[in-house]
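Asker: here is a sequence with its predicted model. Questions after.
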Amino acid sequence: PSQLAKAAQSEGWTRLARGPRLRHIFGAYGIQDVWAVQRRFRQIDDGNGYVSFDELQKIVQTEEHDLLFLWDLISHQNELIRIDELLTLLCLFCTAHLPEKGRFLLALYDNARCNVCTGQEVAVLSQS
């Protein structure tokens, strides 16, 4: 499972109020802000699909202590964050309406770019 899935399943998710904290961090983000993060990532993408902490600081506009919280939550062995997990998290906790979130997630996980997701793409989405 993804780091996001592991974090969401842990007891600490509720006890440490991770959901409300993420909503506080990204509550000012609208769907256009989430798309903007994706565009900024594409400008610095080296093709591996992961973000370092330095790259995270460049693409996500928030306070450093919030970035450290995010980093601790979903980084892989404190080294990298999968960009699809980061964008999924941003999308889920932003203030966009559900249809906008659905369109963004479809675009994010629709690797074939045909406006429908295959079973495999849905499986990847459900594991994030």
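Answerer: Yes, it's here. Predicted, not measured: the structure shown is a model, and the values here were computed from it.
Asker: hey, which helix is longest across this protein?
Answerer: Counting residues, the longest helix found in the chain (DSSP state H) is helix 31-44.
Asker: packing partners for the helix or strand following that one?
Answerer: Next along the chain after helix 31-44, taking DSSP states H and E as the criterion, comes strand 50-51. Applying 3 or more Cβ pairs under 8 Å, 6 or more residues apart in numbering; DSSP states H and E, we find strand 50-51 packed against strand 81-82, helix 83-93. For the C-beta atoms, the positions are set from N, CA and C on the backbone; glycine is no exception.
Asker: nearest to Asp72, out of the ones you listed?
Answerer: With Cβ to Cβ as the measure, strand 81-82 is the member of those nearest Asp72 (10.6 Å).
Asker: can you list the strands that that closest one pairs with?
Answerer: Strand 81-82 has the following sheet partners, assigned by DSSP bridges: strand 50-51 (antiparallel).
Asker: now do the buried residues in the following helix or strand past the strand it pairs with.
Answerer: Using DSSP H and E, the helix or strand that directly follows strand 50-51 along the chain is helix 53-59. For helix 53-59, the buried set under the neighbour-count rule, 16 or more other Cβ atoms under 10 Å, comprises Phe53, Glu55, Leu56, Ile59.
Asker: got a list of contacts for helix 53-59?
Answerer: For helix 53-59, contacts defined as Cβ atoms under 8 Å, 6 or more residues apart in numbering pick out Val37, Arg40, Phe41, Ile44, Val51, Glu64, Leu67, Leu70, Trp71, Ser75, Ile81, Leu86.
Asker: average pLDDT for the helix or strand that comes right after it?
Answerer: Using DSSP H and E, the helix or strand that follows helix 53-59 in sequence is helix 64-74. For helix 64-74, mean pLDDT is 92.
Asker: before we move on, what about stretch 41-57?
Answerer: Regarding stretch 41-57, the rounded mean pLDDT is 93.
Asker: and it, how far out from the chain's middle?
Answerer: Relative to its chain's centre, stretch 41-57 lies at 13 Å (Cα atoms, centre = their mean, to the nearest Å).
Asker: now stretch 73-93
Answerer: Distance, stretch centre to chain centre, for stretch 73-93: 5 Å (Cα atoms, centre = their mean).
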